[in-house]
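Undergrad: just the structure for this:
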Amino acid sequence: MIRAAAAGEGSLPPDLLGRLLQQVGALQRDVLAPRGLTVTGLHDREVEVLRLLADGFDTAEIAVKLSYSQRTIKNILYDVTNRFHLRNRCHSVAYALCNGLI
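TA: Take a look at the predicted model:
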């Protein structure tokens, strides 16, 4: 069991797994969603900006698509980059993709 956990594997009894999923759902619904957050730690608009950036849109195009100013888009990207200690926009997109955030 310890080796399986160290390898990133493992299993939970069905009743425990069910309770865990209920608690995660309640956390998302009652705590995070009212604040505009997700389990990923990103705000909805941060996710959308990163998705558009991953699709090849530049700052101006993202601003037009989301009806934000270019300054707002730059601030969103800056906040994400700093919060997750990333180097640049490319690193932000790669991090989000690799970790299933977008």
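Undergrad: all strands for the protein, in order.
TA: Read by DSSP state E, the chain holds no strands at all.
Undergrad: any stretches of it with poor pLDDT?
TA: For the chain, applying pLDDT under 70 flags the ranges 1-2, 5, 38-39.
Undergrad: hmm, 90 instead?
TA: Flagging of the chain using pLDDT under 90 yields the residue ranges 1-44, 96-102.
Undergrad: and residue 47, how many neighbours?
TA: Neighbour count for residue 47, taken as other Cβ atoms under 10 Å: 16. In this view, the C-beta of every residue, glycine as well, is placed from N, C-alpha and C.
Undergrad: ok, now how distant is residue 60 from residue 66?
TA: Plainly put, residue 60 is 11 Å away from residue 66 if you go by Cβ to Cβ, to the nearest Å.
Undergrad: more neighbours, the two?
TA: Between residue 60 and residue 66, counted using other Cβ under 10 Å, the more crowded position is residue 66 (16 against 10).
Undergrad: okay but the more buried one is in contact with residue 50, surely?
TA: No - using Cβ atoms under 8 Å, residue 66 makes no contact with residue 50, being 11.8 Å away.
Undergrad: where exactly do the helices run in this structure?
TA: Assignment of helices within the chain using DSSP state H yields the ranges 2-6, 14-26, 44-54, 59-66, 70-83, 89-98.
Undergrad: for the fourth one, buried residues please.
TA: In terms of neighbour count (16 or more other Cβ atoms under 10 Å), helix 59-66 has its buried residues at 59, 62-63, 66.
Undergrad: show me what it is packed against.
TA: Counting by 3 or more Cβ pairs under 8 Å, 6 or more residues apart in numbering; DSSP states H and E, the packing neighbours recorded for helix 59-66 are helix 44-54, helix 70-83.
Undergrad: ok so, going back, dump the helices of the chain into JSON lines; add distance to residue 34 as well.
TA: Below are the helices of the chain laid out as JSON lines (distance: least, Cβ to Cβ, whole Å):
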{"stretch": "helix 2-6", "distance to residue 34": "33"}
{"stretch": "helix 14-26", "distance to residue 34": "12"}
{"stretch": "helix 44-54", "distance to residue 34": "12"}
{"stretch": "helix 59-66", "distance to residue 34": "22"}
{"stretch": "helix 70-83", "distance to residue 34": "20"}
{"stretch": "helix 89-98", "distance to residue 34": "23"}
